[in-house]
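Student: Pasting the sequence and the predicted model now:
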Protein chains: 6
Amino acid sequence: MRENRIRKVWEAGGVASNVFLAIPDSFAAEVMASLDWDGVTIDMQHGVIDYQVAVTMLQAISRYEAAPMIRVPWNDPAIIMKALDAGAYGIICPMVNTREDAEKFIGACRYAPNGYRSTGPVRAVFYAGADYHQHAEETILTFAMIETREALDNLDEILTTPGLDAVYIGPSDLSISLGGAPGGDQTWPEAMAAIEAILAGAKRHNVRAAIHTTSAEYANLMIGKGFDLVTLSNDYRHMAAKAGEMLAALEMG
Amino acid sequence: MRENRIRKVWEAGGVASNVFLAIPDSFAAEVMASLDWDGVTIDMQHGVIDYQVAVTMLQAISRYEAAPMIRVPWNDPAIIMKALDAGAYGIICPMVNTREDAEKFIGACRYAPNGYRSTGPVRAVFYAGADYHQHAEETILTFAMIETREALDNLDEILTTPGLDAVYIGPSDLSISLGGAPGGDQTWPEAMAAIEAILAGAKRHNVRAAIHTTSAEYANLMIGKGFDLVTLSNDYRHMAAKAGEMLAALEMG
Amino acid sequence: MRENRIRKVWEAGGVASNVFLAIPDSFAAEVMASLDWDGVTIDMQHGVIDYQVAVTMLQAISRYEAAPMIRVPWNDPAIIMKALDAGAYGIICPMVNTREDAEKFIGACRYAPNGYRSTGPVRAVFYAGADYHQHAEETILTFAMIETREALDNLDEILTTPGLDAVYIGPSDLSISLGGAPGGDQTWPEAMAAIEAILAGAKRHNVRAAIHTTSAEYANLMIGKGFDLVTLSNDYRHMAAKAGEMLAALEMG
Amino acid sequence: MRENRIRKVWEAGGVASNVFLAIPDSFAAEVMASLDWDGVTIDMQHGVIDYQVAVTMLQAISRYEAAPMIRVPWNDPAIIMKALDAGAYGIICPMVNTREDAEKFIGACRYAPNGYRSTGPVRAVFYAGADYHQHAEETILTFAMIETREALDNLDEILTTPGLDAVYIGPSDLSISLGGAPGGDQTWPEAMAAIEAILAGAKRHNVRAAIHTTSAEYANLMIGKGFDLVTLSNDYRHMAAKAGEMLAALEMG
Amino acid sequence: MRENRIRKVWEAGGVASNVFLAIPDSFAAEVMASLDWDGVTIDMQHGVIDYQVAVTMLQAISRYEAAPMIRVPWNDPAIIMKALDAGAYGIICPMVNTREDAEKFIGACRYAPNGYRSTGPVRAVFYAGADYHQHAEETILTFAMIETREALDNLDEILTTPGLDAVYIGPSDLSISLGGAPGGDQTWPEAMAAIEAILAGAKRHNVRAAIHTTSAEYANLMIGKGFDLVTLSNDYRHMAAKAGEMLAALEMG
Amino acid sequence: MRENRIRKVWEAGGVASNVFLAIPDSFAAEVMASLDWDGVTIDMQHGVIDYQVAVTMLQAISRYEAAPMIRVPWNDPAIIMKALDAGAYGIICPMVNTREDAEKFIGACRYAPNGYRSTGPVRAVFYAGADYHQHAEETILTFAMIETREALDNLDEILTTPGLDAVYIGPSDLSISLGGAPGGDQTWPEAMAAIEAILAGAKRHNVRAAIHTTSAEYANLMIGKGFDLVTLSNDYRHMAAKAGEMLAALEMG
């Protein structure tokens, strides 16, 4: 089975880089995948992307080394299983707030007897190889998003769910859940304390820790704290940022 | 009829900014259009875009002030007319090398008696208003691309074509036609001489001059020379540039 | 934040008009939005429309004044949140039969602490403005569909759900639930009694009342009864009605 | 080979009804095809429709009796042949102004030795039957649009082109070509004289005559004059007309 | 109401043939439907197909006699109802493991008072006829997939669910649930025993029995055992099998 | 620049295998590309495929070794250039009947000074590498279809066109042009004589010879004659053939 680049980076002791795709187009996906990311994640939650176009994006990413992942819109077995069958090598699941949520999520990603995923990896075998079923469990990554006060309260129960590979922090939702403002790269004390608590919990239970960021500065801060994966914003924000910079530099006379 | 922002900028004595879209998606188009460009051009020639998705991109751009334009794949009345009917406020036509080419192009953009455009502005009236037919000719912009040695040889004949609003220089094709290398922002002497000859010709015949650039530096150089419109690269290059910068700034330990 | 035209009409003491879109196409949506509706609703339940094309329809509607709304296929947070992130200014949720249903629905539409909506309004900020998060709750409309006997039995509990802006009556489902025939514009006694009971309940709890209709006559009857919003059929029925009329008027000899 | 309903109507001495589709969607096409038209024409010229979606529209129409036709964007063999291969039973070709235009058009619709159409009727055999090649020529209809002064000048040469089944008048283009205003249902003297001259020419050369109309009144007028086919406006105009009528009938208090 | 060919075959005492579609394209669907299947099933679970393209596939199938069916991704009323409204004449629901699962599934397929399906058969009436609501229950087929040990344990409770027409065995999931390997055409003892137990249960409760197969040999074995419907693999497997055979037969020298 | 597998096979003295894709879907393309073809050709002429979906098909093919090629709908520089910019490694051009046709075709495939292709290989550089412009001419293959009597008459003039890599015989069109019946695998004397004349001409002028076939038997016959590339039918015919075989093998009792 084709290897998962993020697992390989982690096994080598490194930190993995990741980027989100919110633009529903396979060419934009190919351009992004051509850069040297460890993971490229199709964002079906807050991106403008549904399943049918996500498949073409997975195909475009597949020629590159980055692990293709999908953030699903919700903790729903229908879309989790379709994402995996289409060849996703990682699932980021939003709003995992309880042990029950975590088990529902992990179960949808694992075949019997470890879960209830239905077998039929229609495109996954083309991406991964004919031995997909045999090695899927040890290759595919499961990320539970920890982004509410409720999840913080249930942290250890979530982190000890069998089959959970990693937690993924969404700082914006976490902040509003804690009474703060929305937005990325949160640094106010309560948010920072929560981030560190999640990180510490992950280390305690030997689960990987990942976080969403919108700047290299914040990402580097998080790497420094010990995170295993940082996501560096997304496609359309990169596009708008550079376009805005260049437009501002025009001397229109 | 809704005004054309590029014409308005020009009438006020300014230089117009423009950007190309190569990603076939209306959300990416909306993000780009939300910046303060004077024109936003859907690139159906070297972009990855066909008509059906171009319509949704025009719709997304329409809420913003920028003039929506289309670079057509070729000097072909079928697509020129469909682009206009869909609401394009400017057509950039590649490879206009002769007076005959120019007349064929302009004729496709103008109704009788000034051309042979067929009437049926299906979406254009929703964008422009019910008086579209009456004011289309004075609102819509026609850009003939001058990008070959043959076009240079026929410059005055092209520039004096009735109804031609502007020339648009494609430096990469121009360079290879002159025996140079491909790529944007050409500065080698023969290319620069050709650019200046085209600009001088445009000024001589009271036609606007536009040029494709890939950096603010080169764009500013061209503004300084007297160009009326500069295109600042395109959507996916902006995206890749910023993503690459940020990825390179990660300290992966 | 851009205002919601339906709220504005209501604040001025008026009745709002609305139409449903069932055809999955952004041009058809633009044509309908160009008329003077107060709301235009993309029907993802009984229309032939899925998320990806709904986004382009929202973009097409956005240039017009009508409030863009979405009827979601089911009371499912995944699609409710994606609809809102895409810029919907109102959600019509089918089959809200209990207080629990209503709370699940409203919670998906509201950020913490009033709900559990995840933040990431990817296109909504382009439509609504940068202050979207701050004003979303007071701008976006929530409509719970009351269309079963069970919902009638739980009417007061539903109507007192915090954050519920309006009820929306689906006469066809309501009729079959009460033992009648399907179809719009129901007038048989039990259906009419149910409609009046819902309307009275809404007035009692200061919730707006909306109803689906298929004719101006029935809509006017409902306006006369005190409804705050009437939906006048949908795109393809309008199309077929006029086409049928004209075809019937041909004198084919 | 499946019969062509328009031919059948004509053979029975009747007048055929036709409608245009401008909305790029197969469901809208199915709704329109469910009415009792003799022909349903996908308008790839002034409609918002490209080839890929046109195929799904042809499939939707195929279950109904109406002859599926396509108005191509231009007199271009590439799209004419693709339209026929996809199962169109009639081609309406815009701007046939000369005998050379007519021969180019007809040749693209006929196999050797009567034309230069390439064989490979990929979907047409599923619609028409395995004997498609054998009967295509006598089943498929060719309509040359006569809509310019130049075409009027060349009328007899066009009408005598072997293989031409019908002429199709576009009153809006015809009017502007003659110096009038755009729009359907032209009645000013010079336009009417041209329409009658074309009709007389068609009768003289035993070619069928068709005309585009936007009202049953005008269509009936043309039927009275002897036209063999009338097109009654299109999908989105029908939709907007009925929606506008019903909205205007609301008594919003 | 248009009849359901599978029901007709069964009423005549026959065994029905069925095929799955996994390729998201209406032309491929039309090609498959043109063969003489009794049912053609769009596989939205393990196929690469989402709702929007499924509609065009249903339209393509509709011209042929085969009953158009959909395997939904999951036991979710939202997609079950949308599939039915789009004109599906049968729903195959995965992972029906308990009586509660079965009731949830059947309820989504039946109008009140037998279920909770919302009325609005937008395209179904075009396929089935105006009397759709009246006859839907006796025409549409419901297949519950029995494919886990848990389902085996609850077999009689599932089989006696009112409104259940048939069970559908997925041998691959069934095998892994029983501790075997994935893959079609399972013959190991425990799998075979389970298959026979399900078949016997179906016979006992007068419910039809269907099974997924990947070869005519296995299908014939199952017909011999008494199954009422066999599915013979799917579109892309047929394509790859024949292409592989022919490629292997090339003598490349 | 990434190598062209067909060229590599030829350089090693072998015969190349090729298959056509007519189904407009990237998953079907991936399945076919996963087999061991030397070339996989997207058929935009007689296939049901337009540009936008062809791009996603090219992306799907790109992960495999087969050379991705496109048969364009017609000898039109617009689509030839867009196909190449999207990453096609070979263009098969229909109906090349004269030296002028051949020069128009080849010119569209070559940059100055050897042709008039406009530079902007938007996706091609992602597939081929940054040195695309430098090596495109020696990597990309040009196939002129010889399929009419006129082409036979002009054979030597066509074959000596500079830059022509290969001829491609379309037996069905060739047959009808010679007065025979349509269909693949033609063996009647005049067709066979023409095929041999074209093959001999190709050998004489050191141009490669390719032919379309619909069976391994005919393909092997052609390999025996000395052809350099054989195309073995297409995707949907393979699918229908195997499905039909299996369906016929069912013993429905």
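Tutor: In hand now; what should we look at? Numbering: from 1, shown residues only, chains lettered A, B, ... in the order given.
Student: Tell me the residues of the stretch 151-253 of chain A that contact chain D?
Tutor: For the stretch 151-253 of chain A, the contact set with chain D under CB under 8 Å from any CB of the partner chain is empty. All C-beta spots, glycine's among them, are computed from the backbone N, C-alpha and C.
Student: what about the strands in chain A?
Tutor: A:16-21, A:39-43, A:67-71, A:90-93, A:141-146, A:166-169, A:208-213, A:229-234 (DSSP state E).
Student: ok, now how distant is residue A:201 from residue D:160?
Tutor: To residue D:160, residue A:201 is 87 Å away according to CB to CB, to the nearest Å.
Student: quick one: which of these two has more around it?
Tutor: residue A:201 (19 against 15; other CB atoms under 10 Å in any protein chain shown).
Student: any idea of the pLDDT on that one?
Tutor: With respect to pLDDT, residue A:201 scores 98.
Student: wait, doesn't it sit right on residue A:156?
Tutor: Yes. Counting by CB atoms under 8 Å, a contact exists between residue A:201 and residue A:156, whose distance comes to 6.5 Å.
Student: how near is the residue of the stretch 1-150 of chain A found nearest chain E to residue D:39?
Tutor: Using CB to the nearest CB, the single residue of the stretch 1-150 of chain A nearest to chain E is residue A:120, 3.0 Å away. Distance of residue A:120 to residue D:39, computed by CB to CB: 44 Å.
Student: quick one: which of these two has more around it?
Tutor: Between residue A:120 and residue D:39, residue D:39 has the larger neighbour count (other CB under 10 Å), namely 26 against 22.
Student: ok, and the closest non-adjacent residue to the more buried one?
Tutor: Distance criterion CB to CB, 6 or more residues apart in numbering or on different chains; nearest residue to residue D:39, sequence neighbours excluded, is residue D:18 at 3.9 Å.
Student: could you list every residue that touches that neighbour?
Tutor: D:6, D:37, D:38, D:39, D:40, D:41, D:69, D:210, D:229, D:230, D:231, D:232 (CB atoms under 8 Å, 6 or more residues apart in numbering or on different chains).
Student: same thing but 7 Å
Tutor: With CB atoms under 7 Å, 6 or more residues apart in numbering or on different chains as the criterion, the residues that contact residue D:18 are D:37, D:38, D:39, D:41, D:229, D:230, D:231.
Student: which residue sits closest to the closest residue to chain C within the stretch 51-200 of chain A, ignoring its sequence neighbours?
Tutor: Of all residues in the stretch 51-200 of chain A, the one sitting closest to chain C is residue A:74 (3.6 Å; CB to the nearest CB). What sits nearest to residue A:74 in space, not counting adjacent residues and going by CB to CB, 6+ apart, is residue C:78, at 3.6 Å.
Student: Contacts only, for that neighbour.
Tutor: Contacts of residue C:78 (CB under 7 Å, 6+ apart): A:73, A:74, A:76.
Student: residues near the last one, how many?
Tutor: The tally of other residues near residue A:76 (other CB under 10 Å) stands at 20.
Student: So for it, what pLDDT did the model give?
Tutor: Looking at residue A:76, the pLDDT reads 98.
Student: sorry, back to before: pretty sure the residue of the stretch 51-200 of chain A closest to chain C is touching residue A:94, no?
Tutor: Yes. Using CB atoms under 7 Å, residue A:74 is in contact with residue A:94, at 6.5 Å.
Student: which one of these two has more residues nearby?
Tutor: Ranked by neighbour count (other CB under 10 Å), residue A:74 and residue A:94 place residue A:94 first, with 28 against 21.
Student: Residues of chain A that sit close to chain C?
Tutor: A:22, A:24, A:45-48, A:50, A:52-53, A:73-74, A:76, A:94-95, A:172-173, A:176-177, A:182 (CB under 7 Å from any CB of the partner chain).
Student: For the nearest residue to residue A:113 once chain neighbours are set aside, the count of nearby residues, please.
Tutor: The shortest distance from residue A:113 to any non-neighbouring residue, by CB to CB, 6+ apart, is to residue E:179 (7.5 Å). Using other CB under 10 Å, residue E:179 is surrounded by 12 other residues.
Student: What distance do you get for residue E:179 to residue A:134?
Tutor: 15 Å.
Student: same question, residue A:154
Tutor: Relative to residue A:134, and taking CB to CB, residue A:154 is found at 33 Å.
Student: want to try JSON lines for the strands of chain A, with mean pLDDT and distance to residue D:189 as columns?
Tutor: Formatted as JSON lines, the strands of chain A follow (pLDDT from 0 to 100; distance: least, CB to CB, whole Å):
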{"stretch": "strand A:16-21", "mean pLDDT": "98", "distance to residue D:189": "61"}
{"stretch": "strand A:39-43", "mean pLDDT": "98", "distance to residue D:189": "63"}
{"stretch": "strand A:67-71", "mean pLDDT": "98", "distance to residue D:189": "66"}
{"stretch": "strand A:90-93", "mean pLDDT": "98", "distance to residue D:189": "71"}
{"stretch": "strand A:141-146", "mean pLDDT": "98", "distance to residue D:189": "73"}
{"stretch": "strand A:166-169", "mean pLDDT": "98", "distance to residue D:189": "75"}
{"stretch": "strand A:208-213", "mean pLDDT": "98", "distance to residue D:189": "71"}
{"stretch": "strand A:229-234", "mean pLDDT": "98", "distance to residue D:189": "63"}
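Student: Figure out which of those strands is closest to residue F:1.
Tutor: Ranking those by proximity to residue F:1 (CB to CB) places strand A:39-43 first, at 24.6 Å.
Student: Report the buried residues of that closest one.
Tutor: With burial defined by 16 or more other CB atoms under 10 Å in any protein chain shown, the residues of strand A:39-43 counted as buried are A:39, A:40, A:41, A:42, A:43.
Student: got it, and stretch A:90-110?
Tutor: For stretch A:90-110, the neighbour count (16+ other CB under 10 Å) marks A:90-98, A:101-110 as buried.
Student: chain center to it: distance?
Tutor: Here stretch A:90-110 is found 13 Å from its chain centre; the criterion is CA atoms, centre = their mean, to the nearest Å.
Student: CA atoms only for that stretch, dumped as CSV, please.
Tutor: C-alpha atoms of stretch A:90-110 as CSV (Å, rounded to 0.1, in the frame of the first residue of the first chain):
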residue,chain,number,x,y,z
GLY,A,90,-6.7,11.2,6.3
ILE,A,91,-10.0,12.4,7.7
ILE,A,92,-10.3,15.6,9.8
CYS,A,93,-13.6,15.4,11.7
PRO,A,94,-15.1,18.6,13.1
MET,A,95,-16.7,19.0,16.5
VAL,A,96,-15.7,15.9,18.3
ASN,A,97,-16.9,16.8,21.7
THR,A,98,-17.4,13.5,23.5
ARG,A,99,-16.1,10.0,23.7
GLU,A,100,-19.3,8.9,21.8
ASP,A,101,-18.5,11.4,19.0
ALA,A,102,-15.0,10.0,18.8
GLU,A,103,-16.2,6.4,18.6
LYS,A,104,-18.7,7.2,16.0
PHE,A,105,-16.0,9.0,14.0
ILE,A,106,-13.3,6.3,14.4
GLY,A,107,-15.8,3.5,13.7
ALA,A,108,-16.7,5.0,10.4
CYS,A,109,-13.0,4.9,9.4
ARG,A,110,-12.3,1.3,10.4
